[in-house]
Each structure stands twice: as C-alpha cells, then as structure tokens.
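S.K.: kindly return the folded structure for what I paste below:
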Amino acid sequence: MPIHPTAIIDPAARIDGAAIVGPYCVIGAEVEIGARTELKAHVYCEGPTWIGEDNIVYPYASIGVASQDLKYHGERAETHIGSRNKIREFVTIHRGTEGGGLKTAVGDDNLLMAYTHIAHDAHVGSRCVLANGVTLAGHVTIGDWAVIGAFSGVHQFCRVGRHSMIGGYSVITQDVMPFATIVTPRDAKAFGANATGLERRGFSSETIEHLQNALRMLTRGKLNTSQAIAKIRDEIPRCEEVEELIAFIESSDRGVIK
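M.R.: Reported below is the predicted structural model:
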C-alpha cells in the first residue's frame, strides 16, 4: 500500500491495499478508502466515512468533518462518496445530522472543482459538475448530470433536477426543474431547456423539442403553474422526460424557478 511516511492514519481506518495516500494526509477512525483511490497530499478525512474506488482527492480537501449546523451536537452521522470522482483543492464535504437523515452522499463520476462546499445531509447524484466555489446548503438534492456554474449558491432544502444547468453566480432559492437552464443575475429565471447538454447526452431531437415546448409554456405562456401543466398535458405528446418534469414540479415544496 503506497502510504507516504508523513501521513497520519488512525489504526481503525480501513484502506485498500491499492489505494494511495500522499504526504501529510490525516485519516481518522472509521474511514474506509477503496481500491485505487488517491489522496494527493494534505487531505483530511474524519469518519464514519466511506470513499469508493478510483477517486482522486486533491490537496487540502476536507471530507467527513462535523456539520456547521448549530443544531448538530456530535451525533453519529456518516459521509458516503462513490467512485471515480475528482475532488479538487479545498473542497469541503460535511457529514450528516440527525435532522437530515444522518448522511451526506456524493455519487459517482462527479467533478467537484476547487472550493466547492457540500453541507450536511446534501445528496449529489452522479456525473454532475460543480464548478469553482459552488456552495450547497444543508439538505440540498442534486440530480444526475446537473451542471452548476461557478460561485453559485443553493439554498437549504432546494432540489436541482436531472440534466439541468445553472449559470455562474446564481442564487437558487427554489427548486430547479429537470432539463432546464437557469440563470440568476438578480432574480432567478428559467430560459428553456438545457438543449445543448441534452443533445450531447444522447436525447433525441423529438424529446428535446417536447421539453423545450413544455418549458416555454411554463416560463413564457403567461399562465400560472397549474394552468401550464394542464396545457402541457393537453398539447404535448407524452414522453418519460416530460412526465418527469411534471412530477418534479408537482412534488416541489418550495416552488420551482420560472
């Protein structure tokens, strides 16, 4: 096991023999690190934390430390990181709290750029990109394939839908609809479907057109949300993605950005 002699590792940590731990890393008790995961240098991990295989964690990242939530009083809570993630410099990922299910989770194949913060009880899906300085408050849920632009903040309890894209410097205080593009210079506004991203990921032109039409009805049709959904059901051919969009909106507690 390639462990640098300056690394400090608790005897209760479980590190796969194919993992790499670089200089000056600190690995606490109940931290499990999977095969071929590499901690470059100066990485700090507290348990209970599970980190999967083939991840790369860059210097000064901090994973599994206690929540900043003032209601957190040291209860046992967990952090779960999947496989093949790139976790860049100064990323902070905090463990869960009793008020949020005691678990913070990150899926697979994500890019977390420098200074990203993932707060307590947040859940990030797979194949997401969180650009430099993105801040997720507690209890945030990010769907698969979402892209969040640099220095954007997501308010606690908000959801960001699958395949959506949030422009840089955005402030998200309501749910972001799946497949949509959102930009918030001051007031958050939706600008239709994330057409380029969906095309790159293999969605058919027909599906993208249906989503674009549905989002236009929601954002530009001068209808309230209930009226827009009724019109979508009447006028747009049914497809799985449009149904997902409608279900997401109808299940929103905070409302969605239009």
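S.K.: could you pull out the strands for the stretch 151-258 of the chain?
M.R.: Assigned by DSSP state E, counting those that start in this stretch, the stretch 151-258 of the chain shows strands spanning 153-154, 159-160, 165-166, 171-172, 180-183, 189-193.
S.K.: can you mark which positions in stretch 103-112 are buried?
M.R.: By 16 or more other C-beta atoms under 10 Å, the buried positions in stretch 103-112 come out as 103-110, 112. (Each C-beta comes from the backbone N, C-alpha and C, glycine too.)
S.K.: can you get me the start-to-end distance on it?
M.R.: End-to-end distance of stretch 103-112 (C-alpha to C-alpha, to the nearest Å): 19 Å.
S.K.: quick one: mean pLDDT over it.
M.R.: Stretch 103-112 shows a mean pLDDT of 98.
S.K.: what comes into contact with it?
M.R.: 52, 77-88, 91, 93-96, 118-130, 144 (C-beta atoms under 8 Å, 6 or more residues apart in numbering).
S.K.: so, low pLDDT: which residues of this protein?
M.R.: 1, 185-188 (pLDDT under 70).
S.K.: break it into its domains for me.
M.R.: 8-142, 198-250 (automatic domain parsing).
S.K.: centre-most residue in the protein?
M.R.: Nearest residue to the geometric centre of the chain (C-alpha atoms, centre = their mean): V124, 3.1 Å.
S.K.: for that residue, name its beta-bridge partners.
M.R.: According to DSSP bridges, the residues that bridge with V124 are V106, I142.
S.K.: was I right to think it contacts G143?
M.R.: No - with contact defined as C-beta atoms under 8 Å, V124 does not count as touching G143 (9.1 Å).
S.K.: show me whatever sits in contact with both of the two.
M.R.: Contact criterion C-beta under 8 Å, 6+ apart; no residue bridges V124 and G143 by contacting each.
S.K.: show me where the stretch 101-250 of the chain has its helices.
M.R.: Using DSSP state H, counting those that start in this stretch, the helices of the stretch 101-250 of the chain run over 195-200, 205-220, 225-235, 240-250.
S.K.: point out the most buried one among those helices.
M.R.: helix 205-220 (a mean of 19; mean count of other C-beta atoms under 10 Å).
S.K.: I would like the residues contacting that one, please.
M.R.: Against helix 205-220 from outside (C-beta under 8 Å, 6+ apart): 177, 179-180, 189-193, 195, 198-199, 223, 225, 228-229, 231-232, 235-237, 239, 241-242, 245-246, 249, 258.
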